[in-house]
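Undergrad: Kindly generate the corresponding structure for this input.
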Amino acid sequence: MNGDQSSAAGARPAVSEAMNDLRLGAARKRLAESSGQEDAIEGLREIVANFLGSEEMGLFRVDRRTETFPVFWSFGIDLAEYDLLHALGEAGLARVMRGECHVDFGARERAGAMAKAQAFVPISVADQTIAILAILRLLPQKVAFDKADMELFKLLSDEAAKPLFGPTGHAVRGSDGPGMRA
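TA: A predicted model of the protein is given here:
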């Protein structure tokens with residue numbers, strides 16, 4: 001390998017890191033500059049679609065009083081066929097409730113509606129999970145999640161609650177939330 005080839009090969013990780021930094025910055029800016037809950041939800045949809053490669057997602061509120069997870073908003077999924085608890089399983093739910101992202105790397109190979117789930121991202125306020133973002137089937141051009149995606153999951157987990165639900169995580173316009181379907 002000549003000097004030009006080795007320096008070009010060494011530059012690839014730096015370019016990749018710079019692209020990831022730009023992606024994280026754009027996502028952070030989109031959430032921070034949201035003008036209200038509806039705009040924050042649209043921002044979340046844009047981030048998941050454009051940066052994570054999925055157009056099937058749902059946002060579920062955590063109701064600790066009833067120990068349920070009512071859907072707050074969804075895009076591209078049939079809620080009649082989706083059960084968050086079944087998709088996550090007890091071990092996955094425990095991880096997400098502790099504030100950890102749960103990524104199912106084998107979901108693409110399994111069949112059935114529940115097998116579509118690819119990732120579950122806790123949306124947290126003060127280290128408490130108040131909602132769960134479920135990201136389902138990936139677009140055909142997106143093969144799998146990678147290290148950069150994990151960084152974006154962390155950003156969403158830490159920074160999406162305030163624009164979506166207010167600084168305390170409790171403010172919800174309307175009784176069912178935007179996009180709620182029966």
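Undergrad: now the helices for this protein?
TA: Per DSSP state H, the chain carries helices over the ranges 3-32, 37-47, 84-97, 147-159, 161-165.
Undergrad: Just say which of the ones you listed is most tucked in.
TA: Mean neighbour count (mean count of other Cβ atoms under 10 Å) peaks for helix 161-165 among the helices of the chain, with a mean of 23. (C-beta placed from N, C-alpha, C; glycine too.)
Undergrad: which other helices and strands contact that one?
TA: Contact analysis of helix 161-165 by 3 or more Cβ pairs under 8 Å, 6 or more residues apart in numbering; DSSP states H and E lists helix 37-47, strand 119-125, strand 128-135 as its packing neighbours.
Undergrad: Just put those in TSV and tack on distance to Asp83.
TA: Below are those laid out as TSV (distance: least, Cβ to Cβ, whole Å):
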stretch	distance to Asp83
helix 37-47	21
strand 119-125	13
strand 128-135	10
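Undergrad: nearest to Gly92, of these?
TA: strand 119-125 (6.4 Å; Cβ to Cβ).
Undergrad: Number of residues surrounding Leu59?
TA: By the criterion of other Cβ atoms under 10 Å, Leu59 has 24 neighbours.
Undergrad: wait, which of the helices and strands packed on helix 161-165 is closest to Lys162?
TA: strand 119-125 (7.6 Å).
Undergrad: ok now that closest one, how far from the chain's centre?
TA: Centre-to-centre, strand 119-125 and its host chain are 7 Å apart (Cα atoms, centre = their mean, to the nearest Å).
Undergrad: Can you name every helix or strand that it contacts?
TA: Against strand 119-125 (3+ Cβ pairs under 8 Å, 6+ apart) you get helix 84-97, strand 102-103, strand 128-135, helix 147-159, helix 161-165.
Undergrad: which one of these has the lowest average pLDDT?
TA: Lowest mean pLDDT within these: helix 84-97, a mean of 87.
Undergrad: got the CA coordinates for it in CSV?
TA: The C-alpha trace of helix 84-97 is given here as CSV (Å, rounded to 0.1, in the frame of the first residue of the first chain):
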residue,chain,number,x,y,z
LEU,A,84,-45.5,-3.8,23.6
LEU,A,85,-45.2,-6.3,26.5
HIS,A,86,-45.3,-9.3,24.2
ALA,A,87,-42.8,-7.7,21.9
LEU,A,88,-40.4,-6.8,24.6
GLY,A,89,-40.7,-9.7,27.0
GLU,A,90,-40.1,-9.5,30.7
ALA,A,91,-36.3,-9.3,30.5
GLY,A,92,-36.4,-6.6,27.8
LEU,A,93,-39.0,-4.6,29.7
ALA,A,94,-36.9,-4.7,32.9
ARG,A,95,-33.8,-3.4,31.0
VAL,A,96,-35.8,-0.6,29.4
MET,A,97,-37.4,0.4,32.7
